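Enquirer: Coordinates for the following, if possible.
(one chain, ligands or ions: 1)
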Amino acid sequence: MTPARSIPGYKLLHLLGRGHTSLVHLARDPEGRQVALKIPLEETLGTPEAAARFGNEVRLTLQFRHPRLVRGYAGTAFGPRAFVALHYYPGGALSDVLERQPGTRLPLENALRVLADVASGLAHLHRLGAVHQDVKTQNVYLEGGRAALGDLGSAYFSAQGGEASGSPFYMAPEIYRGGSSSPASDVYSLGILAYELLGGERPHQGESYQDLMGAHLTRFAPPLSFLNPEVPRPVARLAELALAKRPPDRPSADALRGALLDSLGEDPSAHESLPDEAPTPRQIGRHGPSAPCARLAAALEPEPEGAGGRWNPFKRRR
Ligand SMILES: Nc1ncnc2c1ncn2[C@@H]1O[C@H](COP(=O)(O)OP(=O)(O)OP(=O)(O)O)[C@@H](O)[C@H]1O
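Expert: The predicted structure follows:
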């Protein structure tokens, strides 16, 4: 494996994981804090599309600020010293937790909590006029039973436009058809995640991109309450609606968040304040380090250190 490039001021402690485009190390930052230091691979930097995606992730991660979005502390978007220092989530990625307990479901309350947190981060992005485009278990990070949505590499502000993309297991029918993404296509992905966590399986399976496309375009998911009768009815109903083939028929991420918090016995308006103001754009130099814009039931297992990255053969970015 290519050794990680060094980033001045950061002391690498050990490898946390490897994705398609980066190595992520536990590191100590200049302030002495433990961070997840994400450093793009040489191949990433050498491929314009991948380098641009990494740069986008750095910029947006530093720009957004919400307790349910993976927090960025510092970064450099472009160039040979590109990196981003992220909050370290000791629970690792949700996909890793699920892979360690195949065939089992998360306890209902934990699943509702994780979904409520993801819906909360997503609702925040939507409120600010952004779409995420890659909601999936690999991009949900865990800490003390709470979750945060990460990987803003494909995200964009609707007003500025962006390329539609997604991961085939989670991708909405309109994206398969070549249409544009929207908050509703994120909600579709959230619906798939809800089925996965609450029902124990993704509603649409396939061995190839074509199979998955056929399933997402033409098949209807079974009722979630049929897969798991314990799912609170309002949550099951909204998760089912989230998988509507037509975007306007889907609920908002905020409606899902409300139902999920309700099911946990929490008041959605009191739970977490979601600032309404747009994020303050910060100048992020192309080559210099950037100042950050911002600053559960431990029933979810602690993460294994050095967990490897996964390869999703159907992952599509366009
Ligand atoms: N903030 C974090 N805290 C703890 N572990 C992390 C964190 N960020 C990443 N990791 C670990 O590093 C692995 C690789 O990260 P990630 O999937 O973001 O890499 P990537 O190369 O950007 O991914 P992609 O395959 O989407 O290009 C994750 O699966 C996870 O195990």
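Enquirer: Pick out the residue of the stretch 1-150 of the chain closest to the ligand.
Expert: The ligand sits closest to residue 19 of the stretch 1-150 of the chain, with a gap of 2.1 Å, by C-beta to the nearest ligand atom. Quick note: C-beta positions are derived from backbone N, CA and C, even for glycine.
Enquirer: ok, longest helix in this structure?
Expert: Longest helix of the chain, by residue count under DSSP state H: helix 108-127.
Enquirer: Now do the buried residues in that one.
Expert: Of all the residues in helix 108-127, those buried under the rule 16 or more other C-beta atoms under 10 Å are 110-127.
Enquirer: Could you do stretch 245-255 as well?
Expert: By 16+ other C-beta under 10 Å, the buried positions in stretch 245-255 come out as 247, 250-255.
Enquirer: How about stretch 195-214?
Expert: For stretch 195-214, burial by neighbour count (16+ other C-beta under 10 Å) applies to 195-199, 202-204, 206, 212-213.
Enquirer: Let me know the closest of these to the ligand.
Expert: Among the buried residues of stretch 195-214, residue 196 lies closest to the ligand (C-beta to the nearest ligand atom), at 16.7 Å.
Enquirer: Angles on the backbone of the closest one, please.
Expert: Here is the backbone geometry of residue 196 (degrees, to the nearest 10): phi -60, psi -40.
Enquirer: can you pull the contacts of it?
Expert: Applying C-beta atoms under 8 Å, 6 or more residues apart in numbering to residue 196 gives the contacts 98, 137, 202.
Enquirer: same thing but at 6 Å, please
Expert: residue 202 (C-beta atoms under 6 Å, 6 or more residues apart in numbering).
Enquirer: what's the answer for the one 3 residues further on, then?
Expert: Contact partners of residue 199, counting by C-beta under 6 Å, 6+ apart, are 224, 227-228.
Enquirer: Next, residue 96: secondary structure please.
Expert: helix (DSSP: H, G, I helix; E, B strand; the rest coil).
Enquirer: Hmm, I typed the wrong one, I wanted residue 75.
Expert: The three-state label given to residue 75 by three-state DSSP is strand.
Enquirer: you'd agree it is up against residue 84?
Expert: Yes: applying C-beta atoms under 6 Å as the test, residue 75 and residue 84 come out as touching, 3.6 Å apart.
Enquirer: how close does residue 77 sit to residue 230?
Expert: As judged by C-beta to C-beta, to the nearest Å, residue 77 and residue 230 stand 45 Å apart.
Enquirer: who has more neighbours, these two?
Expert: residue 77 (24 against 9; other C-beta atoms under 10 Å).
Enquirer: just checking, the more buried one touches residue 59?
Expert: Yes: at 5.3 Å, residue 77 and residue 59 qualify as touching, with contact defined as C-beta under 6 Å.
Enquirer: what sits against residue 22?
Expert: Residues near residue 22 by C-beta under 6 Å, 6+ apart: 38, 40.
Enquirer: phi, psi of it?
Expert: Reported as degrees, to the nearest 10, the phi and psi values for residue 22 are phi -140, psi 160.
Enquirer: quick one: it and residue 33, what's the gap?
Expert: On the measure of C-beta to C-beta, residue 22 and residue 33 end up 20 Å apart.
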